[in-house]
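Participant: model this:
(chains A and B)
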2 protein chains.
Amino acid sequence: MAYINENFLKLQHRYLFAEIAKRVAAYKEANPQADIIRLGIGDVTQPLAPAVVEAMHRAVDECAHSETFRGYGPEHGYNFLIEAIIAHDFTPRGISLTPEEVFISDGAKSDTGNIGDILAAGNLVGVTDPVYPVYVDTNTMSGRQISYIPCNEANGFMGDIPATKLDVVYLCFPNNPTGAVITREGLQRWVDYALKNDCLILYDAAYEAFIQDADIPHSIYEIDGARQCAIEFRSFSKTAGFTGTRCGYTIIPNEVTVNSLNGHRVALNAIWDRRQCSKFNGASYVSQRGAEAVFSPEGQRQVRATIAYYMDNAKIIRQGLEQYGLKVFGGQNAPYIWVRTPDGIGSWNFFDRLLREAQVVTTPGAGFGAAGEGYIRITAFGSHESSVEALKRIGKCL
Amino acid sequence: MAYINENFLKLQHRYLFAEIAKRVAAYKEANPQADIIRLGIGDVTQPLAPAVVEAMHRAVDECAHSETFRGYGPEHGYNFLIEAIIAHDFTPRGISLTPEEVFISDGAKSDTGNIGDILAAGNLVGVTDPVYPVYVDTNTMSGRQISYIPCNEANGFMGDIPATKLDVVYLCFPNNPTGAVITREGLQRWVDYALKNDCLILYDAAYEAFIQDADIPHSIYEIDGARQCAIEFRSFSKTAGFTGTRCGYTIIPNEVTVNSLNGHRVALNAIWDRRQCSKFNGASYVSQRGAEAVFSPEGQRQVRATIAYYMDNAKIIRQGLEQYGLKVFGGQNAPYIWVRTPDGIGSWNFFDRLLREAQVVTTPGAGFGAAGEGYIRITAFGSHESSVEALKRIGKCL
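Facilitator: Have a look, this model is predicted:
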């Protein structure tokens, strides 16, 4: 008799963004004329960079001829992309990585979820609250206990280093959903905690490209000791508009080890490689060539211009909401603006009000955890025009 | 203290194809001039169909303009592709599927491995021996016990229906590695077994496009009762040369349920959807548009011509080896030829001999399981010229 993985039955009924999609669809059906502005799910709106488009066309053409056709690539990813990543994202920051330490994938969401496959079910996993739901849901699926680290205005949405011992902790900076960023000193405290407690840090840096201030770390490996205790997840989704193209990467330094029951230390790099070789078959060749082009001089110019465009939206939304008298966080080194709801109303209520009265889709903070209650998240990933228009409409219904 | 998933430490040291790649690389390094013909790993060599190439270019162009840009797609896959799949692969065979029953993914390998995420660790999993290693490795990673069903010349490489009760069983037809196919009656016996024993069938139909005989089922849902007990995996990898493009799909009928400890039945469709929404983020848009084009009239003509080309290779290899006096199986409704080694020599020995003396890479049967010892697998996915040349060279070293 076949049995289900019972842990799935413990999950909350519906994935946050699916619930939002359902409410928006219902509203749209009742109001087919409504001009809805979507600043909820963190999806980008600007097109792929011309350099990326060109590279993808070239890759498609390669696959059109048997002499240049590409079949199975390395599960690990193509070296052309791995070397571009190391040369552009890490070497200039004084971080030395070997190609085997970089794993190309179809996205950071997959990797932050799948990484749990290689860890024991008994590990106690720390996450911030509010939190990107994928960390919680995927660890719940594996039967792991979750420990929440409250992030609130009092601690600047940073969460305090726990007094208790976590086995694994997810950190995400720039943060989704609050837009908070961490200083070098703050991140050093986490690394020190991890080394002292033999805790594995899973560092989600999917939004590092949005950092504007020079003294904020882009990679956890800028911090002493991180190579011993941290895995870092990166993505082209937000950096270069790859949400539909699908390419990300994960760094597992050779020094990162965890315990086995027989008392030995086990290096996670080889274990993750084995997981990927069995449960993954490499990212699309065309997507990998597109990702490589992000690092060309034109690609860099183009993706930086798009990031500047989104950060201008962030500034407009942030400053506008502040002028309305709302309390606003994030949006300065991150594409997310975290907004306290007016008069302390519930975040799903405020979400519904903004949908009904302003036709603006946001994300209710409560969907990211209990500590998100009383906030909504607004993304800067819309167009300039829609960001301005959304702000105007929100102003009218406050 | 972080702990490893101990099950990974129980895995065999090296994934089969990685071991082959290592031996070939060593030979190549020692013999840089060698003209190696690769008929080992089941990778295709013919280019993408022109209709697919065109569709992928169009999709890239869509992503180049904000009006037509595609960001996050549905985790489940785009409806345009799901509907094309149902209309072309299932409706004509009298199989009725709803769009929610079809899940688009980045490939059948990922899905046959990841499906275990939703099943209890306590399930006893049946696999044939020889077997595609992914089924064994991914279930070992989840701590499941494996029960082997020997497939040999005596039972026509079909395996006997077990007298014991399996909770889950993987079936792959046309078979990788033996090239064996199953009749309707044979498959009905498995479905009857599954219904009687409340066993879940995981049916890997990645090679169905190679079936030539009209009376061999392409889908398990051609069989009465399969909608209650079977999940089917399909792929564009071998059908349309997508090994580097990455797109596959999995069918989970709404009626497929398994047990939960509280005595209820749980529908797997919703659980898999939840898994995919949390640990996957959709296949590349460009790949999905390419896959859709496989079903256009030109796409169908083109991919069928390529399959005919590979099946011609299969015939050449099969008949040639028979003329050399070798005992040969498969290759008639499948792209794999399963060859008994001469004089009963070990399959890694024969692999090494063919590499050294003929510069032909095959796959040692022992790599697929104990019952594969004494066989090698040869693929028909090379070019016509390389298939003919490989055959000639093999003849000289027998």
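Participant: any chance you could map the helices in chain A?
Facilitator: Along chain A, the segments classed as helices by DSSP state H run A:16-30, A:50-62, A:79-85, A:108-114, A:133-141, A:184-197, A:226-229, A:237-240, A:268-279, A:285-294, A:297-323, A:347-358, A:384-396.
Participant: most tightly surrounded among those helices?
Facilitator: Of those, the one with the most neighbours on average (mean count of other C-beta atoms under 10 Å in any protein chain shown) is helix A:285-294, at a mean of 28. Using the backbone N, CA and C atoms, a C-beta is placed for each residue, glycine as well.
Participant: if you average pLDDT over that one, what comes out?
Facilitator: Taken as a whole, helix A:285-294 carries a mean pLDDT of 98.
Participant: chain center to it, what's the gap?
Facilitator: Relative to its parent chain, helix A:285-294 has a centroid offset of 20 Å by C-alpha atoms, centre = their mean, to the nearest Å.
Participant: Check whether it comes near chain B.
Facilitator: Yes. Helix A:285-294 reaches chain B (C-beta under 8 Å from any C-beta of the partner chain) through A:285, A:286, A:287.
Participant: picking that back up, now render the helices of chain A as TSV, adding distance to residue B:244.
Facilitator: TSV is the format used below for the helices of chain A (distance: least, C-beta to C-beta, whole Å):
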stretch	distance to residue B:244
helix A:16-30	30
helix A:50-62	9
helix A:79-85	13
helix A:108-114	18
helix A:133-141	27
helix A:184-197	38
helix A:226-229	32
helix A:237-240	21
helix A:268-279	16
helix A:285-294	4
helix A:297-323	22
helix A:347-358	42
helix A:384-396	37
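Participant: quick one on the thing from earlier: now flag whichever of the residues of helix A:285-294 next to chain B is closest to chain B.
Facilitator: Of all those, the one sitting nearest chain B is residue A:285; the distance, using C-beta to the nearest C-beta, is 4.1 Å.
Participant: tell me the contacts of the residue nearest to the closest one when sequence neighbours are not counted?
Facilitator: Leaving aside its chain neighbours, residue A:285 sits nearest to residue B:244 (4.1 Å; criterion: C-beta to C-beta, 6 or more residues apart in numbering or on different chains). Taking C-beta atoms under 8 Å, 6 or more residues apart in numbering or on different chains as the criterion, residue B:244 is in contact with A:63, A:69, A:70, A:71, A:72, A:73, A:282, A:284, A:285.
Participant: next one: residue A:332
Facilitator: A:179, A:181, A:212, A:213, A:314, A:318.
Participant: and the gap between it and chain B?
Facilitator: For residue A:332, the distance to chain B equals 24 Å [C-beta to the nearest C-beta, to the nearest Å].
Participant: likewise residue A:23?
Facilitator: Counting by C-beta to the nearest C-beta, the gap from residue A:23 to chain B is 16 Å.
Participant: So which bits of the stretch 101-250 of chain A are right by chain B?
Facilitator: So far as C-beta under 8 Å from any C-beta goes, the stretch 101-250 of chain A lies against chain B at A:106-107, A:109-110, A:113-114, A:117-123, A:133-134, A:137-138, A:141, A:165, A:167-168, A:197-200, A:241, A:243-246.
Participant: center of chain A - which residue?
Facilitator: residue A:206 (4.2 Å; C-alpha atoms, centre = their mean).
Participant: Looks like it contacts residue A:232 (just checking).
Facilitator: No. Judged on C-beta atoms under 8 Å, residue A:206 makes no contact with residue A:232 at a distance of 10.0 Å.
Participant: mind listing what residue A:108 touches?
Facilitator: Applying C-beta under 8 Å, 6+ apart, the residues near residue A:108 are A:204, A:206, A:233, A:234, A:235, A:237, A:248, A:250.
Participant: Which strand residues bridge the first one?
Facilitator: Read it as residue A:204. residue A:172, residue A:233 (DSSP bridges).
Participant: residues contacting it?
Facilitator: Contacts of residue A:204 were listed using C-beta under 8 Å, 6+ apart, and they are A:108, A:112, A:132, A:170, A:171, A:172, A:173, A:176, A:232, A:233.
Participant: Once you drop chain neighbours, what's closest to the fifth one?
Facilitator: Okay, so that is residue A:171. residue A:203 (5.3 Å).
Participant: On the pLDDT front, check the one you found for me.
Facilitator: For residue A:203, the model assigns a pLDDT of 98.
Participant: my read: it touches residue A:231, true?
Facilitator: Yes. The pair residue A:203 and residue A:231 passes the contact test of C-beta under 8 Å, sitting 6.7 Å apart.
Participant: of those two, who's got more company?
Facilitator: residue A:203 (27 against 24; other C-beta atoms under 10 Å in any protein chain shown).
Participant: Might you report the residue contacts of that one?
Facilitator: So residue A:203 contacts A:171, A:172, A:173, A:220, A:226, A:230, A:231, A:232, A:233 (C-beta under 8 Å, 6+ apart).
Participant: Can you report how many residues lie near the last one?
Facilitator: This points to residue A:233. 24.
Participant: same check, this time on the fourth one
Facilitator: Residue A:220 is surrounded by 29 other residues when neighbours are defined as other C-beta under 10 Å.
Participant: how about it, what does it touch?
Facilitator: Taking C-beta under 8 Å, 6+ apart, one finds A:171, A:187, A:191, A:201, A:203, A:205, A:226, A:230, A:232 in contact with residue A:220.
Participant: what does the third one give?
Facilitator: Applying C-beta under 8 Å, 6+ apart, one finds that residue A:173 lies in contact with A:180, A:181, A:182, A:187, A:203, A:204, A:205, A:207.
Participant: now these as TSV including distance to residue B:42?
Facilitator: Listed next are the contacts of residue A:173 as TSV, based on distance: C-beta to C-beta, whole Å:
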residue	distance to residue B:42
A:180	48
A:181	47
A:182	46
A:187	45
A:203	37
A:204	35
A:205	36
A:207	39
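Participant: Find the nearest non-adjacent residue to the residue nearest to the centre of chain A, please.
Facilitator: Leaving aside its sequence neighbours, residue A:206 sits nearest to residue A:235 (C-beta to C-beta, 6+ apart; 4.4 Å).
Participant: residues in contact with the one you found?
Facilitator: Neighbours of residue A:235 in contact, by C-beta under 8 Å, 6+ apart: A:107, A:108, A:109, A:206, A:242, A:247, A:248, A:249.
Participant: Just put the residues you listed in a markdown table and tack on pLDDT.
Facilitator: Formatted as a markdown table, these follow (pLDDT from 0 to 100):
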| residue | pLDDT |
| --- | --- |
| A:107 | 97 |
| A:108 | 97 |
| A:109 | 97 |
| A:206 | 98 |
| A:242 | 98 |
| A:247 | 98 |
| A:248 | 98 |
| A:249 | 98 |
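Participant: Of these, which belong to strands?
Facilitator: Members of those lying in strands (criterion: DSSP state E): A:248, A:249.
Participant: What distance do you get for the nearest residue to residue A:53 once chain neighbours are set aside to residue B:286?
Facilitator: Using C-beta to C-beta, 6+ apart and skipping the chain neighbours, the partner closest in space to residue A:53 is residue B:64 (4.3 Å). Remark: distance between residue B:64 and residue B:286 (C-beta to C-beta, to the nearest Å) = 11 Å.
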